[in-house]
Structures are given as structure tokens and as C-alpha cells.
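Enquirer: I'd like to go over a predicted model; first the sequence, then the structure.
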Amino acid sequence: MSDYTLPVSTTIEPSASASELGTFLERLHGWVVTVDHKRLGILYILYSTFFLLIAGAEALLIRLQLAYPHNHVLSAQVFNRFFTMHGTTMVFLVGMPFLFGFANYIVPLQIGARDMAFPRLNAFSFWLTAFGGLLLYYSFLGGAGLYGVGNAPDVGWFAYAPLTARSFSPGHATDYWALALIVSGFGTLGTAINIIATVISMRCKGMTLMRMPLFTWLLLIVSMLTLVTITPLTAAQFMLLIDRYLGGHFFDTQAGGSSLIWIHFFWIFGHPEVYVLVMPAFAIANEIIPVFCRKAIFGYPAMVAASVAIMFVSLSVWAHHMFTVGMTSVSNAFFTLSTMLVGVPTGIKIFNWIATLWGGRIRFTTPMLFCIGFLFQFLIAGLTGIMLSVSPWDWQLHNSYFVIAHFHYVLVGAIVFCIFAGLYYWYPKATGHLMNERLGKWHFWLFVIGFHITFDTMHFLGLLGMPRSIYTYQPDRGWNFLNLVVSVGGLIQGIAVLIFAYNLIVSYWRGEVAGDDPWDAWTLEWATSSPPPVYNFEELPEVHSRRPLWDAKHPDDPDWEYES
Amino acid sequence: MSSVPINHPGRAIEWNLPSKRRVGMSALITGESAIFTIFVVAYVFYMGKSLTGPTPQQVLEVPILGTICLLSSSLTIMQAEKAIERDRMTSFTLWLAATISLAAVFLTSTALEWKKLIYQDGLTISTNLFGTTFYSLVGLHATHVVVGLFLLTTTFVFSLFGWVDSRQSERFGVIALYWHFVDAVWIVVFTVVYLIGR
């Protein structure tokens, strides 16, 4: 059949509207049934951007409520639902899908493969995750169920027992929460398995482990961590459902059960989860910082070793969320020390990034600006983390806005900044068009200013004693002005994100044509066209160093002469 | 892609990567182990904490027959693996049938045990903490046995139709890996529930 040609329908006179509808449906169908890692990556990114806007709107409504003392924009019940949904959405429907979106799109390209190891599992995992998100948000409509009580989940994103017991959470709110996380958890597990199999078994010729781009390395480590992180949560959610539906007693203190064990199980998931979210941010910075400094990354083996160390240490720090529940002093000391230990590999990374910047010819494009913001903010987030790891300090500030400020410094200051950096960096690869640089600068400066107005101020509110999750407060506490400042900062960030969303959409049509390699980068994804063809590479590449494109561009001075 | 530098000292690279199916199944097993760990931890944590009876000492009997059957099914599936690698399909089908029968005996013994516990001893999942943790841990394991049995039976039916040969040996190896995991988990569950907890 080699001489077979496509039957071109020149003889048919199509009516314009009918053919447009047909092509639109065909294109939609193509996206729904796709198993292409690039399309699934884009679906993940669009999905999480959508939920980023929703959960951001929830955060703004929370801040509107807290802007003044004795405010009544939201009712107390709605306030509880919003902070629960904000937290759950940001972690499970924004953070995780964003990282898997990047992993899906970039990892096969960087290792010179044509697709993920299991393309159909990949599609299945995405649709599971997507269904989990729908299930969670359907609770706004269906949470009341036949009982006529309950709405969206309102038990906090960590859902401490016994608040989730039948008697305290009537209706289906908590069930939707548990089921949504089980479903999206299976999706997460599937993608993690897929990434591990892809990285281990699909690398192109010559790409040994120590020649893999750091992005791919970090995503491999994150996926391995995900395997043992998301599954304890799934197990705990099953226990919760057994309690709620089969009359089990796992977390039922009336029958000898323990509410404490839920807290342990949740944070056995919950703390490594922070590293699952932040290591992809490191991964993105690892790609962007060297390219925009025009230098190879400093200390590649140390970066790999530090990441592996973080993976292991992060599994033994969970109870630093639990200093106030009354553990033994041995446990307190252990978890204080293990938490401080995380600072060592993380510090190694910070120094390596700074050493990469040192003496580089830095180009201050939007992705690089976001990465520099990340470096500064992640340093501060790490330092407040070390402060909170000291258990007496934590006893004072536990569940205060100081903690909120600390983890938003990580989740927004590090992770969201790197996600934006990654989107500006790889957008031209995925669409063939650069994002608008002027709007990008506006986005960066507004976002960084809004971020610091909001989250720097929150530290002081925490030190002044404002607890988290409160619906409103008395005017005589001295928190009024600072709360207003926090809310104004949130509004500025909201405007910045809207500029970003506008830029994301408009650049697709009006963005400058990018070409294959707009940033003069060195990893394999820039070797193919933008957007890449379905099969990625016409001929599977063969690499001899960590920067195959550098070797191709500088045959007189290739990297493999220096790397061992 | 033409990024290969021309002047590279072109010694031919030996390039062998592990099987993606085995890597994927190993990753799944790692994740599953974490789920089982949480349920085992819950079982151990709640040992002897039930406020009412029946207690494990009163009602549990050691399922010796079922355990012997399940553990020996690991040996029969190894024989089946050897047979399919050497393309001895009759032998493969017979060893597979033996594995399925042994697993079925195990599931039957669990079913009879549960019937006795529910109807004679009045122990259900909502009776006390022992019931809750026992049925969820043993039930989680039994669910995995059922999934494995489904995979094995499908393969068995396919092999009866003659659709399986040595080309599928790698895929069957992945099923066997899962089956070994299910057996290994039973050793842990058996030790915790029937030896330590009784």
C-alpha cells in the first residue's frame, strides 16, 4: 500500500457551516480519545489552569470576608466550605495535575522517546483525575443528597476525625471529598507508574542515568515518592468510608478508635506531598536557570544526590504537623531533628543554583524572572520552615497565620512561581508561539508585589496571634489593618493571574512565531519542531552528554569531552 | 534529529533497558505495599483495643489449609512461567490450572471462615475494632487475590483457545510477579492476624 494516497474530497461542495461543525466535533473527538503524551500534557495543564482560577476566586472571597472585622460577606458555613475547597483544589486539582502535565509533555521529549511507556494508561489516568475534580465540585450541587443537609465539604483539607464522622458531617459532603480524592489518587498512581516506567525503560541511546536532564531526574524521584505518598491517603480514605458507610470504628473514639491515627495517616501522606509538589518546581528551575545564564548547571551530581536525599528524609518528618497533639519528648526531638535535616539537601540545591547564576550572562526574560523570584522566596520559606520545626516555637505558633504564611511561601512563592516560569518557557514548544513578553513582565511584577504584600504580612498576623480557619474576628485585636493589607495583596495577585490567563489565550493566535529553539537551549525537546509532530522525532536521537544540543551546536567544543 | 556530533569517538553503545512492563508492575507493587502497610499498622495499633467481644482469641482459627494452598500456588506459577518461556504450552496450561485451583481453595477457605465468624460468632465489620480492622485487612488481601484470579483465569481461557505462546512470556511474567506479591502479602497478614494477634 505504499502508493496509497489520501482521497481528497475536491469533488464535494461542502456547505461552510456543516463542514465547520464536522471538523470541530472531529477535533474535539480527537482530543477526548487521544493517547498522545503531548495532548494529554496540554489537557492536564488546561485542567489545572481552570481550577487555579476557581480556587483563586475562592481565596479572594475568603480574603474579602476577612478584610474587615465583623464582616458578613460570606456566612460562616460558606466560609468553611471555601477554605476546604480552596485547599483541596489547590493541592489535588492544581498542583498535582500541573506537575503531571509538565511531566507528560516534557519527559518523553527530553529522553528522546516517542511517547510514554503506557499511552492508554496515561489517558486513563488523566480522565480519572478529571473525573475526581468534577466529583469534588459536584458536591456544591449534590452534597445535600437525600438527607437534604450538607453541601460542599467543610471539614478542612486535612479533614480531622471525628469531624468527618457521620454524626458531625451529615449528608454527602465528606463522601464526595473522600471519593474525589480516591478517584484522582488512582489517576495519580497510574501516572506516577507511567513516568517511572518511561524514564527507566524508554531512554534513547546513550542517555545514561547521569546524562538525564535534571528535570527528568527530579520527575523520576517525584514519581517514586508519589508511589508511597498518595497510597497511604487512599488507604485512609477507604477507612473513612468504611467508618461512614459500613459502621466501622477506625476513627470512632466512642468504640475505642483513635482520632489521632487519622492525623498520623493524613500527614504520612501530607508531608511528603509537599515535596511531591515542590520538587517539580525545582525541576523547572533546574532547566530554566542554566539556559538563561548561558552556563551548564553547577554541581549536577550533587543536585541528583540532594534530590534523592530529600525523597528519603521527607518520609520521616510527618509528625512535625502534630507537635501540639502531645507526643513524647523523644518523638518531638526526632521530628524536630529530621525536619531540620531536610534543610541540608535543600540548602545544597540553593547554593548550586546561586553558583549557576554566578558569573553567568543572565537574560532577564519572564521565565528567568519567575525563577529568581522562586529562589528568593523559597529561601525564606525554608527559613521559616526551620523556625517551625523547633517544637517549642511550633507550640506557640501552631495553626496560626504564621504557618499559613510559611506554607503559602512554599506553595505560591516557590511552586506557583515555577509553574508560571515553566509555562512561559515551554509554551513556545507546545504552541509554536512565544507568549507576550510585555504582558509577561506585567504579570511577574504585579504577582511578585501582590505576593509579598499578602504573605509577608501574614507572618506578622500569625505572630500577633491570629489563628487559621477563623470566620471573623473582634475589631480590638490589632489585626484590622494587616488583614486589609493581606486582602489588597490578594486582589493584586488576582489581577496578575488574569493578565496571565489573557496572555496564555491571546498568544496562541498573536504570539511571535517561536521556531524550534527560541531560547537557545540544550535539551532534546528543543531539537524537534514546535509544536512537535505526533511521533516527536523523525529519527530517534543518540546522546553523548548531558547537553546534546550544545554538542550539536558546538561540534568544536562538545560537552562529552569534559564529562566523565 | 541530526545532533550526533560527527567527530565523536564512535564506539558502538551497548543499549539495554529494563522491560517497561516489569518496571511498571514493580512500581505498582511498591504503591500497593504502602496501602497494605497502612492497613497492617491500623490492625497492629488496634490490637486488643476493642471495647466489646468477640476477641481474636475467642473466634479466630488458623487457616492452615488455605495458607498452604496460596503459598504453594507461587511454586506452581513459577513452573507455569518456566513452561511458557520454553514454549511447552500443555505443561503451561496444566500448571496454570493448578495455580487457579489452589487460589480458589484459598478463597473458599476465607469465605467459609467469614461465614463462621458472621453467623456463629456474630462478628461483623461494625461489631468492634477487631471486626473493623480484621475484615478490612483480610478483605483487602482477598480483593487482590480475586483480581489475580481474574487475570490468571483470563490467561487460562486464552491458552485453552491456543492464543498464548512463548511470545507472551514477558506479559505472563508480569502477572506472575503480581501473584508473588499477593502471596508475600499473605505471609505478612497471616503473621500479624493469626500468629501475633491471636
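Expert: Now that the structure is in, tell me what you want to look at.

Enquirer: so who does the residue nearest to residue A:296 when sequence neighbours are not counted touch?
Expert: Here the nearest residue to residue A:296 in space, its sequence neighbours aside, is residue A:290; by C-beta to C-beta, 6 or more residues apart in numbering or on different chains that works out to 5.9 Å. C-betas here are computed from N, CA, C, even on glycine. For residue A:290, the contacting residues are A:296, A:297, A:356, A:522, by C-beta atoms under 8 Å, 6 or more residues apart in numbering or on different chains.

Enquirer: swap in residue A:262?
Expert: Going by C-beta under 8 Å, 6+ apart, residue A:262 touches A:159, A:160, A:161, A:164, A:236, A:240, A:250, A:251.

Enquirer: wait, isn't residue B:194 in contact with residue B:60?
Expert: Yes - counting by C-beta atoms under 8 Å, residue B:194 sits close enough to residue B:60 to count as a contact (6.4 Å).

Enquirer: elements contacting the helix ranked longest in chain B?
Expert: In terms of residue count, the longest helix belonging to chain B (DSSP state H) is helix B:129-160. The helices and strands touching helix B:129-160, judged by 3 or more C-beta pairs under 8 Å, 6 or more residues apart in numbering or on different chains; DSSP states H and E, are helix A:230-246, helix B:20-45, helix B:89-115, helix B:169-190.

Enquirer: export those to CSV and tack on mean neighbour count?
Expert: Shown next, in CSV, are the helices and strands packed on helix B:129-160 (neighbours: other C-beta atoms under 10 Å in any protein chain shown):
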stretch, mean neighbour count
helix A:230-246, 22
helix B:20-45, 20
helix B:89-115, 18
helix B:169-190, 19
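
Enquirer: okay, those in a markdown table with mean pLDDT next?
Expert: What follows is those, written out as a markdown table (pLDDT from 0 to 100):
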| stretch | mean pLDDT |
| --- | --- |
| helix A:230-246 | 95 |
| helix B:20-45 | 96 |
| helix B:89-115 | 96 |
| helix B:169-190 | 96 |
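
Enquirer: for residue A:187, which of those is the nearest?
Expert: Proximity to residue A:187, assessed across these by C-beta to C-beta, is greatest for helix A:230-246 (9.5 Å).

Enquirer: list the buried residues for the helix or strand in which residue B:82 is found?
Expert: Element membership of residue B:82 [criterion: DSSP states H and E] is helix B:64-85. For helix B:64-85, the neighbour count (16 or more other C-beta atoms under 10 Å in any protein chain shown) marks B:66-67, B:69-74, B:76-77, B:79-81, B:83-84 as buried.

Enquirer: okay, angle between it and helix B:129-160 too, please.
Expert: Inter-element angle recorded for helix B:64-85 and helix B:129-160: 30 degrees (by axes from the mean of the first three to the mean of the last three C-alpha atoms, to 10 degrees).

Enquirer: what about the residue in the stretch 251-400 of chain A positioned nearest to chain B, how many neighbours?
Expert: As assessed by C-beta to the nearest C-beta, chain B sits closest to residue A:256 within the stretch 251-400 of chain A, at 4.5 Å. Applying other C-beta atoms under 10 Å in any protein chain shown, we find 17 other residues in the vicinity of residue A:256.

Enquirer: which ones are touching residue A:515?
Expert: Contacts of residue A:515 were listed using C-beta under 8 Å, 6+ apart, and they are A:428, A:530.

Enquirer: of the helices and strands packed on helix B:129-160, give the one that comes closest to residue A:173.
Expert: helix A:230-246 (11.1 Å).

Enquirer: can you tell me which of the contacts of residue A:262 end up in helices?
Expert: Using DSSP H to define helices, the subset of these located there is A:236, A:240.

Enquirer: min pLDDT across the contacts of residue A:262, which one?
Expert: Lowest in pLDDT among the contacts of residue A:262 is residue A:161, which has 88.

Enquirer: give me the phi and psi for that one.
Expert: Residue A:161 adopts backbone torsions of phi -70, psi 150, taken as degrees, to the nearest 10.

Enquirer: now it: closest residue in space that isn't a chain neighbour?
Expert: With C-beta to C-beta, 6+ apart, the residue lying closest to residue A:161 is residue A:251, at 3.6 Å.

Enquirer: and residue A:47, how far from chain B?
Expert: Summarising the geometry, the distance separating residue A:47 from chain B, computed by C-beta to the nearest C-beta, to the nearest Å, is 23 Å.

Enquirer: report the contact partners of that residue.
Expert: With contacts defined as C-beta under 8 Å, 6+ apart, the neighbours of residue A:47 are A:93, A:97, A:101, A:129, A:130, A:133.

Enquirer: ok, the residues you listed vs residue A:284, which is closest?
Expert: Looking at the contacts of residue A:47 and their distance to residue A:284, the nearest is residue A:101, at 11.7 Å (C-beta to C-beta).

Enquirer: residues near the nearest residue to residue B:126 once chain neighbours are set aside, how many?
Expert: Spatial nearest neighbour of residue B:126, chain neighbours left out: residue A:247 (3.1 Å); criterion: C-beta to C-beta, 6+ apart. Here the number of neighbours of residue A:247 (other C-beta under 10 Å) works out to 16.

Enquirer: do residue B:87 as well
Expert: Summarising burial for residue B:87: neighbours were counted as other C-beta under 10 Å, giving 12.

Enquirer: settle this for me: it is touching residue B:168, isn't it.
Expert: No - Residue B:87 lies out of contact with residue B:168 (C-beta under 8 Å); the separation is 10.5 Å.

Enquirer: please report phi then psi for the closest residue to chain A within chain B.
Expert: Closest to chain A within chain B is residue B:126: 3.1 Å, counting by C-beta to the nearest C-beta. Taking degrees, to the nearest 10, you get phi -100, psi 10 for the backbone angles of residue B:126.

Enquirer: got a pLDDT number for it?
Expert: In the predicted model, residue B:126 carries a pLDDT score of 93.

Enquirer: now for it: which residues touch it?
Expert: Residues in contact with residue B:126 (C-beta under 8 Å, 6+ apart) are A:246, A:247, A:248, A:249, B:132.

Enquirer: so which bits of the stretch 101-250 of chain A are right by chain B?
Expert: Residues of the stretch 101-250 of chain A lying close to chain B (C-beta under 8 Å from any C-beta of the partner chain) are A:112, A:117-118, A:189, A:192-194, A:196-198, A:200-203, A:205-206, A:223-224, A:227-232, A:234-236, A:238-239, A:242-243, A:246-250.

Enquirer: the residue in the stretch 401-550 of chain A positioned nearest to chain B: neighbour count?
Expert: Minimum separation of the stretch 401-550 of chain A from chain B (C-beta to the nearest C-beta) falls at residue A:541, amounting to 4.1 Å. Other residues near residue A:541 number 24, with proximity taken as other C-beta under 10 Å.

Enquirer: that one is in contact with residue A:527, isn't it?
Expert: Yes - using C-beta under 8 Å, residue A:541 is in contact with residue A:527, at 6.5 Å.

Enquirer: related to what we said a few turns ago, tell me who's in contact with the residue of the stretch 251-400 of chain A closest to chain B.
Expert: With contacts taken as C-beta under 8 Å, 6+ apart, residue A:256 has the following neighbours: A:249, B:46, B:49, B:50, B:51, B:128, B:129.

Enquirer: can you pull the contacts of residue A:520?
Expert: residue A:291 are the contacts of residue A:520 under C-beta under 8 Å, 6+ apart.

Enquirer: do you know how far it is from residue A:372?
Expert: Between residue A:520 and residue A:372 the distance, using C-beta to C-beta, to the nearest Å, works out to 19 Å.

Enquirer: could you do residue B:158 as well?
Expert: Per C-beta to C-beta, residue B:158 is found 58 Å from residue A:372.

Enquirer: of the two, which one has the most company?
Expert: Each of residue B:158 and residue A:372 has its neighbours counted (other C-beta under 10 Å); residue A:372 has more, 22 against 13.

Enquirer: what kind of secondary structure is the more buried one in?
Expert: helix (DSSP: H, G, I helix; E, B strand; the rest coil).

Enquirer: picking up where we left off before, which among the buried residues of helix B:64-85 gets closest to residue A:107?
Expert: Distance to residue A:107, by C-beta to C-beta, is smallest for residue B:81 among the buried residues of helix B:64-85, at 31.7 Å.
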